[in-house]
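*Asks:* sharing a model prediction with you, sequence too.
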Amino acid sequence: MTTTPPEPPDAATRRAAPPVVVYEVDRLPAVDHAFYDRVRASARPVETVLVPPREGRAFRVPAGHLFRIVCIEGPQVGDLNLWNAHDTRERFFSGKTRALHRTHLTVGDRLWSTLPYLHPMATITADSLAWYGFDADGAGVHDVIGTRCDPYTNRLLRGEDYHQCCHSNLARAFATATGARLEEAEFAVHDVLNVFMCTGFIRDTHQYFMKASPVRPGDFLEFFAEIDLLGALSACPGGDCSATHSSDAARCFPLAVEILAPDPATLAGWSPPDPSPYRHPAT
């Protein structure tokens with residue numbers, strides 16, 4: 001292995017360069033909190049999808065409806081994927097969402113879609129864990145920095161096969177909802193919003209870490225569907241992710257996805273956002 005090269009004479013000066021936020025977001029579409037509050041106040045449950053422990057389930061949400069991911073029995077983390085219900089090539093873009101907002105999402109943050117669409121798919125309208133903030137370890141909840149546990153990395157690091165990883169659960173849920181073959185569905189699965197998961201980076205090694213989720217029965221994360229959505233949620237085989245993931249050893253619980261319909265009058269003047277207007281120049 002190579003050794004670390006000596007520091008140059010101007011090392012301190014180079015390190016002292018001021019940080020610059022990558023994206024100036026003052027021109028992002030404004031979040032109309034009063035609008036979302038009116039919609040929430042009028043919304044009533046119309047469907048509940050139960051996600052069993054260590055399994056995944058798909059669900060559909062019409063534009064203008066709300067959906068909640070709810071902890072119902074015990075501390076449990078969920079991995080969320082979203083697609084445009086009419087064109088699953090458009091899906092949630094966790095990396096761009098992280099860059100436009102933050103590493104851990106909460107009320108007012110939006111889930112943005114992949115290029116070339118790049119428009120909001122959903123807006124977070126309520127978060128019962130918003131009180132958590134960031135703890136002494138630098139951890140927060142609802143991250144877009146992790147990926148999802150998967151059988152390939154599990155095989156690489158542990159030398160064994162495990163079939164209930166969130167990647168596999170999401171692929172099976174997508175296949176069931178769309179009729180796609182499982183081999184095709186794997187390509188539709190993408191990096192997730194880790195709902196209720198408590199994560200951060202170790203300060204000295206900068207490694208991604210997880211710790212026991214603070215979620216308890218009754219806690220929820222709620223979204224407004226900006227477009228017609230197909231979603232899939234995996235109840236992670238790590239349970240509250242306090243010790244492990246991709247395991248039958250962790251204590252796991254179900255999650256619920258509640259779909260809520262608002263009074264149509266509260267949607268007056270609202271319409272789904274258009275895809276990005278950018279077009280390639282003529283060649």
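*Replies:* Yep, that arrived. All values reported here derive from a predicted model rather than from experimental measurement. Numbering: from 1, shown residues only.
*Asks:* show me the shaky parts of this protein.
*Replies:* 1, 283 (pLDDT under 70).
*Asks:* that one: strands as residue ranges?
*Replies:* 44-51, 56-61, 66-71, 78-84, 87-91, 110-112, 120-127, 140-143, 193-201, 208-211, 220-225, 229-235, 255-261 (DSSP state E).
*Asks:* can you give me the helices in the chain?
*Replies:* Using DSSP state H, the helices of the chain run over 11-15, 33-42, 94-100, 151-158, 166-178, 182-188.
*Asks:* who wins for proximity to residue 70 among those helices?
*Replies:* Closest to residue 70 of the helices of the chain, according to CB to CB: helix 33-42, at 14.8 Å. Quick note: C-beta positions are derived from backbone N, CA and C, even for glycine.
*Asks:* list the contacts of that closest one.
*Replies:* Helix 33-42 is contacted by residues 64, 66, 108, 123, 125-126, 222, 224, 262-263, 265-267, 270 when judged by CB atoms under 8 Å, 6 or more residues apart in numbering.
*Asks:* and it, how far out from the chain's middle?
*Replies:* When distances are taken as CA atoms, centre = their mean, to the nearest Å, helix 33-42 is centred 22 Å away from the chain's centroid.
*Asks:* buried residues in it?
*Replies:* 35, 36, 38, 39, 40 (16 or more other CB atoms under 10 Å).
*Asks:* can you put the strands of the chain in JSON lines and add mean neighbour count and distance to residue 103?
*Replies:* JSON lines is the format used below for these (neighbours: other CB atoms under 10 Å; distance: least, CB to CB, whole Å):
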{"stretch": "strand 44-51", "mean neighbour count": "14", "distance to residue 103": "25"}
{"stretch": "strand 56-61", "mean neighbour count": "22", "distance to residue 103": "24"}
{"stretch": "strand 66-71", "mean neighbour count": "24", "distance to residue 103": "19"}
{"stretch": "strand 78-84", "mean neighbour count": "26", "distance to residue 103": "16"}
{"stretch": "strand 87-91", "mean neighbour count": "16", "distance to residue 103": "20"}
{"stretch": "strand 110-112", "mean neighbour count": "23", "distance to residue 103": "14"}
{"stretch": "strand 120-127", "mean neighbour count": "22", "distance to residue 103": "14"}
{"stretch": "strand 140-143", "mean neighbour count": "24", "distance to residue 103": "6"}
{"stretch": "strand 193-201", "mean neighbour count": "25", "distance to residue 103": "8"}
{"stretch": "strand 208-211", "mean neighbour count": "16", "distance to residue 103": "10"}
{"stretch": "strand 220-225", "mean neighbour count": "24", "distance to residue 103": "16"}
{"stretch": "strand 229-235", "mean neighbour count": "27", "distance to residue 103": "21"}
{"stretch": "strand 255-261", "mean neighbour count": "21", "distance to residue 103": "22"}
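*Asks:* nearest to residue 13, out of these?
*Replies:* strand 193-201 (25.8 Å).
*Asks:* angle of the closest one against strand 255-261?
*Replies:* With axes from the mean of the first three to the mean of the last three CA atoms, to 10 degrees defining the directions, strand 193-201 sits at 130 degrees from strand 255-261.
*Asks:* strand partners (parallel or antiparallel) of strand 193-201?
*Replies:* Here strand 193-201 is paired, per DSSP bridges, with strand 78-84 (antiparallel), strand 140-143 (antiparallel), strand 208-211 (antiparallel).
*Asks:* out of the strands of the chain, which is closest to residue 172?
*Replies:* Per CB to CB, nearest to residue 172 of those: strand 56-61, 6.0 Å.
*Asks:* tell me what the closest one is packed against?
*Replies:* The helices and strands touching strand 56-61, judged by 3 or more CB pairs under 8 Å, 6 or more residues apart in numbering; DSSP states H and E, are strand 44-51, helix 166-178, strand 229-235, strand 255-261.
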